[in-house]
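Visitor: Fold the following, please.
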Amino acid sequence: MFGSVKYCSFFLFLSIYLILISVNMTLLYHQEIRKEMEKSCTFLVHFDKGSPAIATEIKEALEGSDVSAKIDAMKKAISLLLNGETLPQLFITIVRYVLPSEDHTVQKLLLLYLEIIDKKDAKGTVLPEMILICQNLRNNLQHPNEYIRGVTLRFLCRLNETEIIEPLIPSVLQNLEHRHPFIRRNAISAVMTIYKLPHGEQLLVDAPEMIEKVLSIELDQSAKRNAFLMLFNCDQDRAINYLLTNVDKVSEWGELLQMVVLELIRKVCRTNRGEKGKYIKIIISLLNSPSNAVIYECASTLVSLSSAPTAIRAAASTYCQLLISQSDNNVKLIVLDRLNELKSSHREIMVDRIMDVLRALSSPNLDIQKKTLDIVLDLITPRNINEVVLMLKKEVMKTQNGELEKNGEYRQMLIQAIHSCAIKFPEVASTVVHLLMDFLGDSNVASAIDVAIFVREIIETNPKLRVSIITRLLDTFYQIRAARVCSCALWIIGEYCLSLSEVESGIATIKQCLGELPFFSVSEEGEAPTDASKNSQQPSSVTVSSRRPAILSDGTYATQSAASETSFSPPTNVQGSLVAVNLRSHLLTGDFFLGAVVACTLTKLVLRLEEVQPSKVEVNKASAQALLIMVSMIQLGQSPVLSHPIDGDSYDRILLCIRLLCSTGDEVRNIWLQSCRQSFVKMLSEKQLRETEELKAKAQVSYAQPDDLIDFYHLKSRKGMSQLELEDEVQDDLKRATGEFIKDGDDANKLNRILQLTGFSDPVYAEAYVTVHHYDIVLDVTVINRTKDTLQNLCLELATMGDLKLVERPQNYTLAPESSKQIKANIKVSSTETGVIFGNIVYETSNVLERTVVVLNDIHIDIMDYISPAVCTDAAFRTMWAEFEWENKVAVNTIIQSEKDFLDHVIKSTNMKCLTAPSALDGDCGFLAANLYAKSIFGEDALVNISIEKQADGKLSGYIRIRSKTQGIALSLGDKITLKQKGGS
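Guide: From the prediction side, this is the model:
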């Protein structure tokens, strides 16, 4: 028994000893990390590690008299120092042999060397040898050469050591009156840097007053800008007084100074919104500046400060002017982003600028064209629809010349835009539909499909255009090359050919495009390739037939002949005929999915012919011809002529059509002639309903409290107020009255986002409120001293994992007993990926020599903060699904037993949009397939396909597939779904 007690005591002692070692190692590690973080780096130099320089070689070159060798040696020394080497033995050599050099390049490299070496020891005191360089710096500040003086003053802007700077202050102040502007502007920057040091106000007590005098007499624009910037940062009241005193001269100042003025106005108005009226006049006057940078900043400042219609119109006009005048595509994209923001908050003003925005379509860049069309489509009204459509028609016609490389993609975007216009305003459809039908045979398959979908929707929503569209479609059907476009066009023919002449023309057109029957000769089947099989070898289109699974519009997988059409050769002609046989060429390459569509179309046409054709003989003749075509397609699919036989789905579909034509009942006739079209009408109505709901969701409804203060505009004093100031006051009152200044639920959301970082028993308690903006994360950390001691040099040390980057290290604080402090930290985000922020709080107390470390809980940044629900078409979803290479497959493992409830839970957990129509999810069949879509703030697409099935025991099984272009979003979203799918919180 005593042996076991000794045994346990030994292990207890050993575990305590190991814990103490780990704590000491942690302390040492954090001290080293902190020491590294405190080192500042003001420049970077590329270093080739393949050929490292030796310290002795550098020393020999510095001691020599060759200036070029000294320059190379100094460059090598600086590169080594920047990459972690210390080289302590070089300092005295540089003081002896480099310091006296008169060469300008050597002197500049010397200053760079002095900038990066450690000037303090481990205790934080300045090294005694640094006194050797003070006299040299003083001599440089009084050097007769302006360049030496200027670069030395610039070097002082990067020094933080008060002991080195203090003896040089008189020489710095003398340079404020030098005759050369290069020296004066650097002297002003040096004064500002010294004044901003921890004890700088004691070193330069009257610096703001001195700089104000310099500013009043200075003529050089760069020096004036530096002087005003110094007042802006160090004495804001003096900067404001100078600005208001010279308000009439602001428009004559240089570009750099005007930019600082705008920054000052933003800062002042942010803290005191009541004074913005007098500053808006200055901004309006600067809108006429010749500098594009200034007028862009003016427009941005106007939008952020004022809601007056006059100010917003001026900003919109400025943005449109920049959009048209600038040739840089990046500038155009930035301006379009600003216009998009303006559209969201001031749509009625942007509507008047719609034609100016449309002029950006002249740019050949697809991103610019897409953003322009997105903005314009949200600004269409009955008043401007005709002008917009006319402009879009002109752009479509320009794409026919084929000069630009991406004309096909641009044409597709234009067709989609015209489609959207025609849906919103049906009266314009008649002006564009016939023009667009010329592109049904476009070599760009995507744009041709968009035209076919547009025609299909217009022919249903505009009954007056039915006859003209059908006539035009039958006339141009032979020009269609893509199989998917043929399928859509055949469906239109089968559904909307209603009169006797239309039905007969439809049947004749299909027969002509199929060519002569049979598709191959039976007598020559076993011999050399027949004429028909030779036709199948012709590259009528680059079409690849495969048996790979295809994703359908409801998210399910099906086996069909997948065709990928890219470009087309001249059409094949039937012997003795000039009609192109586009349907025949596709059948001879094995596209029996299209063959099934042909069979369904012929069946519908024959059934409708029975209703409109009084002659039974003609009906029977047409029925026999249709049956012959269907049998020939089945015969072709089962023959060895083709490399791939007909697939089972297409075979069953064609066989169903044959049986239907042989024995037709009234119930079946109604299904084929009426129910199909009714389903299409229902689909369109659901689509319109979804779009209406989305528009309602976008409209933000604000509420004001009944006891809020109301200002009466007509009772206000107008004395000394301009029209712009009056408008601005009115707009602010309206916003206040409608509750636009109030953020609903802000306090509740803030409480939900507070994270506890330390325990309640720790000497320092900390909690953080995490705010995720578009490209950065703000940590608002509350630190509470729970001890009776004063905590000195308290520092929040943070580190990140993932694509996160700490912008700047928070400064040190002194915390009184039982007091609190708010510390803010900014972290940049570069991609949609789950990241982790970890760190600790380090502090000192008067009675303990060593620093104390409190380790913080990790902060996990949720991917849900980066993605938001988005909408895309089924065709776009399938295209992206095929293109994206990263897939994460997650097996369903949940306690939820309802398919619909599980889908709703996944949608809520992943913050995604369900693209599958609600009608497709109705019912209880034990199976559910749906597509989800979201977009990140970085423009990345996230695609999710859910396929689940209810088992006999009531549990759900299946898979959730996630696809994206980048690995990070696919893995992070998969982890999120795995964590949340069980149905827990």
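Visitor: which residues in the stretch 201-350 of the chain form helices?
Guide: Secondary structure of the stretch 201-350 of the chain by DSSP state H, counting those that start in this stretch: the helices cover 207-217, 221-234, 236-245, 255-271, 276-286, 292-305, 309-325, 329-345, 347-351.
Visitor: ok, and which of these has the densest surroundings?
Guide: For those, the largest average neighbour count (mean count of other Cβ atoms under 10 Å) is found in helix 221-234, namely a mean of 22. Bear in mind the C-beta positions are built from the backbone N, C-alpha and C, glycine included.
Visitor: Show me what it is packed up against.
Guide: Applying 3 or more Cβ pairs under 8 Å, 6 or more residues apart in numbering; DSSP states H and E, we find helix 221-234 packed against helix 181-195, helix 207-217, helix 236-245, helix 255-271.
Visitor: Test my guess that residue 932 contacts residue 904.
Guide: No. The pair residue 932 / residue 904 is not scored as a contact, 11.3 Å apart, by Cβ atoms under 8 Å.
Visitor: Compare these two and say which one has the larger neighbour count.
Guide: residue 932 (25 against 14; other Cβ atoms under 10 Å).
Visitor: So what's the residue count around residue 893?
Guide: Residue 893 is flanked by 11 other residues according to other Cβ under 10 Å.
Visitor: Sorry, wrong one. I was asking about residue 89.
Guide: Residue 89 has 11 nearby residues by other Cβ under 10 Å.
Visitor: Now for the closest residue to it other than its chain neighbours: which residues touch it?
Guide: Spatial nearest neighbour of residue 89, chain neighbours left out: residue 55 (6.6 Å); criterion: Cβ to Cβ, 6 or more residues apart in numbering. For residue 55, the contacting residues are 87, 89-90, by Cβ atoms under 8 Å, 6 or more residues apart in numbering.
Visitor: and after whichever helix or strand residue 949 is part of, which helix or strand comes next?
Guide: Element membership for residue 949 (DSSP states H and E) is strand 941-950. The helix or strand immediately downstream of strand 941-950 is strand 956-964, counting by DSSP H and E.
Visitor: what angle sits between whichever helix or strand comes after that following strand and strand 941-950?
Guide: Using DSSP H and E, the helix or strand that follows strand 956-964 in sequence is helix 967-980. Counting by axes from the mean of the first three to the mean of the last three Cα atoms, to 10 degrees, helix 967-980 lies at 30 degrees to strand 941-950.
Visitor: List the contacts of helix 967-980.
Guide: Here helix 967-980 makes contact (Cβ under 8 Å, 6+ apart) with 803, 831-834, 862-864, 867, 886-888, 890, 905-906, 909-910, 936, 940, 942, 944, 960, 962-964.
Visitor: which sections of the stretch 801-950 of the chain are below the confidence cut-off?
Guide: For the stretch 801-950 of the chain, applying pLDDT under 70 flags the ranges 803, 830-834, 848-849.
Visitor: want to throw the helices and strands packed on helix 221-234 into a markdown table with mean pLDDT and distance to residue 406?
Guide: Supplementary listing: the helices and strands packed on helix 221-234 in a markdown table, determined by pLDDT from 0 to 100; distance: least, Cβ to Cβ, whole Å:
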| stretch | mean pLDDT | distance to residue 406 |
| --- | --- | --- |
| helix 181-195 | 89 | 47 |
| helix 207-217 | 87 | 53 |
| helix 236-245 | 87 | 49 |
| helix 255-271 | 85 | 36 |
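Visitor: With residue 302 as the reference, name the closest of those.
Guide: Ranking the helices and strands packed on helix 221-234 by proximity to residue 302 (Cβ to Cβ) places helix 255-271 first, at 10.0 Å.
Visitor: Kindly export the closest one (C-alpha atoms) in CSV.
Guide: C-alpha atoms of helix 255-271 as CSV (Å, rounded to 0.1, in the frame of the first residue of the first chain):
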residue,chain,number,x,y,z
GLU,A,255,-4.4,68.3,-55.8
LEU,A,256,-2.5,66.9,-52.8
LEU,A,257,-3.6,69.7,-50.5
GLN,A,258,-7.2,69.4,-51.7
MET,A,259,-7.2,65.6,-50.9
VAL,A,260,-6.1,66.4,-47.3
VAL,A,261,-8.8,69.1,-47.1
LEU,A,262,-11.5,66.5,-48.0
GLU,A,263,-10.1,64.0,-45.4
LEU,A,264,-10.3,66.8,-42.8
ILE,A,265,-13.9,67.5,-43.8
ARG,A,266,-14.9,63.9,-43.5
LYS,A,267,-13.3,63.6,-40.1
VAL,A,268,-14.9,66.8,-38.7
CYS,A,269,-18.4,66.0,-40.1
ARG,A,270,-18.2,62.5,-38.7
THR,A,271,-17.7,63.8,-35.2
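Visitor: which outside residues touch that helix?
Guide: 221-222, 224-225, 228-229, 232, 236, 239-240, 243, 250, 253, 275-276, 279, 282-283, 286, 289, 291, 293-294, 297-298, 301, 304-305.
Visitor: what angle separates that helix from helix 292-305?
Guide: Relative orientation of helix 255-271 and helix 292-305, computed by the same axes, to 10 degrees: 10 degrees.
Visitor: Domain map for the chain?
Guide: Annotated domains of the chain cover 248-306, 497-519+580-686, 752-861, 865-981 [the TED database].
Visitor: now the end-to-end length of the longest one.
Guide: The stretch domain 497-519+580-686 measures 25 Å between its terminal residues, going by Cα to Cα, to the nearest Å.
Visitor: With the last one instead?
Guide: For domain 865-981, the first and last residues are 18 Å from each other (Cα to Cα).
Visitor: Of the contacts of helix 967-980, grab the buried ones for ChimeraX.
Guide: Selection command for ChimeraX covering only the buried members of these, criterion 16 or more other Cβ atoms under 10 Å:
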select :831,832,833,834,863,864,867,888,890,905,906,909,910,936,940,942,944,960,962,963,964
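Visitor: so which of the helices of the stretch 201-350 of the chain gets nearest residue 487?
Guide: Closest to residue 487 of these, according to Cβ to Cβ: helix 329-345, at 36.5 Å.
Visitor: Against which helices or strands is the closest one packed?
Guide: Using 3+ Cβ pairs under 8 Å, 6+ apart, helix 329-345 sits against helix 292-305, helix 309-325, helix 347-351, helix 366-377.
Visitor: Keeping just the C-alphas, turn the third one into PDB.
Guide: The C-alpha coordinates for helix 347-351 follow below in PDB (Å, rounded to 0.1, in the frame of the first residue of the first chain):
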ATOM      1  CA  ARG A 347     -32.800  55.100 -57.100                       C
ATOM      2  CA  GLU A 348     -35.000  58.000 -58.200                       C
ATOM      3  CA  ILE A 349     -32.000  60.200 -58.900                       C
ATOM      4  CA  MET A 350     -30.000  57.500 -60.600                       C
ATOM      5  CA  VAL A 351     -33.000  56.800 -63.000                       C
END
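Visitor: I figured residue 453 was touching residue 419, is that so?
Guide: Yes. Counting by Cβ under 8 Å, residue 453 touches residue 419, with 7.4 Å between them.
Visitor: More neighbours: which of those two?
Guide: Legend: neighbour count by other Cβ under 10 Å for residue 453 and residue 419, higher for residue 419 (21 against 18).
Visitor: nearest residue to that one other than its sequence neighbours?
Guide: Setting aside the residues directly before and after it, residue 419 is nearest to residue 454 in space (Cβ to Cβ, 6+ apart), at 4.2 Å.
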